[in-house]
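[1] below are the sequence and a predicted model; questions follow.
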Amino acid sequence: MSEVAMSEAPSWLGRCWSSFGIGRLLLWSLSILIAHRLIHRLFFHPLRHIPGPWSATLSGWYEFYTNVWQDGQWCKTYPDLHRKYKSPVVRIGPDHVHIKDIEAYEKIFRNGTNYHKDHTFYTCADNDGSIFSLSDCHEHRVRRKALSPRFSKQAAEADAPGILRQLRRMENFMVKQSALDKTYNINDLFRALEINVVGKTLLGDCGDLVEYQETKPELLETVDGLSAMIPLLRFFPYMAAVNQIIPSVLADKLMPAGVLNFKKTCEDYTKPRMIKSIRTDLDRTRASVIELLVAHSYDVTGNPPNIDYLAAEAFTFIDAGVDTAGRTLAAAVYYVLRNQEIEKKLVDELNDAKLWCNGTNEADVRTLGRLPYLNAIIKEAHRIWPALPGPLPRVVPPEGLRIGRYFIPAGTIVSATHHSLHFDETIFPEPNKFKPERWLREDRTDLDRYLNPYSRGSRACIGINLAQIQLQLGLADLFYRLDMELCEPIPAALGWKDHFVAEPTSAIYLRARFRKGISCSE
């Protein structure tokens, strides 16, 4: 390069710099980067052949608008997308597809699956490290194996007397409140029941974590507040991560009172169990979850786990178990009370079964599992009230996934929602009607294939046996012992929004009195 050119270069750069300015240069660079990304996603992306709305193809705006701005409506748009594009696969994000295909669902959610959980989705609420958020299938299998004895069918059946005692305490409260001409929201009351049941499973003999009361317990307020933030945390996960980088003393001061009190309860019942590993002769079907987690830590590392981790794991169990079982029980009671014919059939079946006529006041849970109409109601409640309505995203493994004429490449996030199947009128005619009889047909096994309220396979809900026992005992005892009625305002239907769990849009108010021959002493 000549000396003249070299001497002119700095002045040329200076003129450009002064002409555009640093702000304009950055703006142009950002615009070019965004344009490049949008063009890639539209025309060159591996998912470009998958149909879907352009807003979902180009960015996360589609999810943000429907799930954050419209508050939990994202998953409700999926069935319309499948109908609009006439496709079993639709694109709901730049790297995210939703499927409505039972064969593909069964392949993804099978035992021994190699479709890992999407780590960013399941850890957005600052629960990284909990069994629920583990993305690696092998790591999850090891942790689940350590906890499985406490959640076996045998363990759930052994929990029945304790569940029944909690039910009776709650029923006494319901009748006393009604005698004072006071109503109560069973969405909250039944979740308080579940907190106390799940609390004993988690912590052992810890007493009641919440009281049965007119207003929503503090811990439930906290659970609902955190759940409502999940759609936003999907886009701003650092909001939850801040808790990890500030000093614990400050974090405790900023923590909601319900969480702080629960953390202290966990610490009180955990510290004595962390001194040494669990003894080898202890019945692991009766040990608390905390004891099993301590034992697992000793087995793997030789050291006790961090107490903050134990509290976080316990809170995850509370959050997941309370909303699913408690609100499903409330939905079942609502739909039964809305139809006198259904209520009469259920009460007649319970009376004929003579479950409580053995002199012990303890129901035979195995007999409950064989009552056809009771269990048809539970299945229909699971179908019409999608406890976990939203996507359960998984990562497509190296071999990819083919659905019909569409090939979904490795690394794609793939989701399937129970809500999309449960309200498919080609599978469930009149899907918005509560019809337990649909589960009593001879060909009902075909319907069972599409009902997966606890998910399916090795990543299915670990508490499925405990939840089923609670629903069977809850419905049976409530309708056998209580004469209940819905109170105004009575919702015409049960609406919900997706806060990972289904959040009701209206309360369900009740009054109750004991049936003839029943008293609070029983």
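    Alright, I've got the coordinates.

[2] list the contacts of stretch 177-187.
    When contacts are defined by Cβ atoms under 8 Å, 6 or more residues apart in numbering, stretch 177-187 is touched by residues 174, 214, 216, 326-327, 330, 333-334, 487, 504, 507-513. For the C-beta atoms, the positions are set from N, CA and C on the backbone; glycine is no exception.

[3] same deal with stretch 327-339?
    Contacting residues not belonging to stretch 327-339 are listed as 186-187, 190-191, 194, 342-343, 346, 377-378, 380-382, 384-385, 387, 434, 453, 467, 470-471, 474-475, 478-479, 484-486, 491, 494, 501-502, 504, 508, 510 [Cβ under 8 Å, 6+ apart].

[4] and the residues you listed, which of them are buried?
    Neighbour-count burial within those applies to 186-187, 190-191, 194, 342-343, 346, 377-378, 380-382, 384-385, 387, 434, 453, 467, 470-471, 474-475, 478-479, 484, 486, 494, 501-502, 504, 508, 510; the criterion is 16 or more other Cβ atoms under 10 Å.

[5] now stretch 385-394: average pLDDT?
    Stretch 385-394 shows a mean pLDDT of 91 in the predicted model.

[6] with stretch 293-307 instead?
    For stretch 293-307, the mean per-residue pLDDT is 84.

[7] what's the offset of it from the middle of its chain?
    Averaging C-alpha coordinates over stretch 293-307 and over its chain gives two centres that are 27 Å apart (Cα atoms, centre = their mean, to the nearest Å).

[8] ditto for stretch 170-184
    29 Å.

[9] Ala467 - nearest residue in space that isn't next to it in sequence?
    In space, not counting the residues next to it along the chain, Ala467 is nearest to Ala325; the distance is 4.5 Å by Cβ to Cβ, 6 or more residues apart in numbering.

[10] which strand or helix spans the closest residue to Leu494 other than its chain neighbours?
    Leaving aside its sequence neighbours, Leu494 sits nearest to Ala331 (Cβ to Cβ, 6+ apart; 5.8 Å). Counting by DSSP states H and E, the secondary-structure element that holds Ala331 is helix 307-337.

[11] mind listing what's buried along that helix?
    By neighbour count on 16+ other Cβ under 10 Å, the buried set for helix 307-337 is 310-337.

[12] just name the shakiest helix or strand of this protein by mean pLDDT.
    Ranking every helix and strand in the chain by mean pLDDT, DSSP states H and E puts helix 248-254 at the bottom, with a mean of 55.

[13] where does pLDDT dip in the stretch 51-200 of the chain?
    Along the stretch 51-200 of the chain, segments meeting pLDDT under 70 span 125-128.

[14] how about the strands in it?
    For the stretch 51-200 of the chain, the strands defined by DSSP state E, counting those that start in this stretch occupy 89-93, 96-99, 116-117, 184-185.

[15] swap in the stretch 251-400 of the chain?
    394-395.

[16] tell me where it has helices.
    Under the criterion DSSP state H, counting those that start in this stretch, the stretch 251-400 of the chain contains helices at 257-270, 289-301, 307-337, 340-353, 365-368, 372-384.

[17] the last one packs against which elements?
    For helix 372-384, the packing partners by 3 or more Cβ pairs under 8 Å, 6 or more residues apart in numbering; DSSP states H and E come out as helix 307-337, helix 340-353, helix 464-481.

[18] ok, now the shortest one?
    Using 3+ Cβ pairs under 8 Å, 6+ apart, the elements in contact with helix 365-368 are helix 464-481.

[19] strand partners (parallel or antiparallel) of the helix or strand just after the helix it packs on?
    Using DSSP H and E, the helix or strand that follows helix 464-481 in sequence is strand 482-487. According to DSSP bridges, the neighbouring strands of strand 482-487, each with its direction, are strand 509-514 (antiparallel).

[20] flag every buried residue along the strand it pairs with.
    Tyr509, Leu510, Arg511, Ala512, Phe514.

[21] show me the protein divided up by domain.
    If the domains of the chain are taken from automatic domain parsing, they occupy 1-33, 61-514, with pieces of a single domain joined by a plus sign.

[22] as JSON lines, those with distance to Gly52 would be great.
    Formatted as JSON lines, the domains of the chain follow (distance: least, Cβ to Cβ, whole Å):
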{"stretch": "domain 1-33", "distance to Gly52": "23"}
{"stretch": "domain 61-514", "distance to Gly52": "3"}
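
[23] quick one, which of those domains is nearest to Phe43?
    For the domains of the chain, the distance to Phe43 is smallest for domain 61-514, at 13.0 Å, taking Cβ to Cβ.

[24] look at that closest one and report the distance between its end residues.
    Across its full length, domain 61-514 reaches 52 Å between end residues, using Cα to Cα, to the nearest Å.

[25] circling back to that earlier point, how far away is the residue nearest to Leu494 from Arg449?
    Taking Cβ to Cβ, to the nearest Å as the measure, Ala331 falls 22 Å from Arg449.

[26] for Val198, same thing?
    The span separating Val198 from Arg449 equals 29 Å under the rule Cβ to Cβ.

[27] quick one: which of these two has more around it?
    Val198 (25 against 13; other Cβ atoms under 10 Å).

[28] local confidence estimate at the closest residue to the more buried one other than its chain neighbours?
    Excluding the flanking residues, the one nearest Val198 by Cβ to Cβ, 6+ apart is Gly321, at 4.5 Å. The per-residue pLDDT reported for Gly321 equals 78.

[29] residues contacting Gly321?
    For Gly321, the contact set (Cβ under 8 Å, 6+ apart) comprises Glu194, Val198, Gly463, Leu466, Ala467.

[30] ok, now with 7 Å
    For Gly321, the contacting residues are Glu194, Val198, Gly463, taking Cβ atoms under 7 Å, 6 or more residues apart in numbering as the criterion.

[31] can you give me the neighbour number for Ile490?
    By the measure other Cβ under 10 Å, the count of residues near Ile490 is 14.

[32] burial measure for the residue nearest to Asp208 when sequence neighbours are not counted, as a count.
    Taking Cβ to Cβ, 6+ apart as the measure, Asp208 lies nearest to Asn196, with 4.9 Å between them; neighbours along the chain are not counted. Here the neighbour count serves as a burial measure; for Asn196 (other Cβ under 10 Å) it reads 23.

[33] related to what we said a few turns ago, relative to Thr77, which of the helices of the stretch 251-400 of the chain is closest?
    Between Thr77 and the helices of the stretch 251-400 of the chain, the shortest separation by Cβ to Cβ is 19.1 Å, and it involves helix 372-384.

[34] can I get the CA coordinates of the helix or strand encompassing Leu219 in PDB?
    Counting by DSSP H and E, the element that carries Leu219 is helix 218-233. Extracted C-alpha coordinates of helix 218-233, given in PDB (Å, rounded to 0.1, in the frame of the first residue of the first chain):
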ATOM      1  CA  GLU A 218     -50.200 -18.800  53.300                       C
ATOM      2  CA  LEU A 219     -48.300 -21.700  51.700                       C
ATOM      3  CA  LEU A 220     -51.000 -22.100  49.000                       C
ATOM      4  CA  GLU A 221     -50.800 -18.300  48.300                       C
ATOM      5  CA  THR A 222     -47.000 -18.800  47.700                       C
ATOM      6  CA  VAL A 223     -47.500 -21.900  45.500                       C
ATOM      7  CA  ASP A 224     -50.000 -20.000  43.400                       C
ATOM      8  CA  GLY A 225     -47.900 -16.900  43.100                       C
ATOM      9  CA  LEU A 226     -44.800 -18.900  42.000                       C
ATOM     10  CA  SER A 227     -46.900 -20.900  39.500                       C
ATOM     11  CA  ALA A 228     -48.400 -17.800  38.000                       C
ATOM     12  CA  MET A 229     -44.800 -16.600  37.300                       C
ATOM     13  CA  ILE A 230     -43.800 -19.700  35.300                       C
ATOM     14  CA  PRO A 231     -44.900 -18.400  31.900                       C
ATOM     15  CA  LEU A 232     -42.800 -15.200  32.400                       C
ATOM     16  CA  LEU A 233     -39.800 -17.100  33.800                       C
END
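
[35] taking helix 307-337 as reference, get the angle to it.
    100 degrees (axes from the mean of the first three to the mean of the last three Cα atoms, to 10 degrees).
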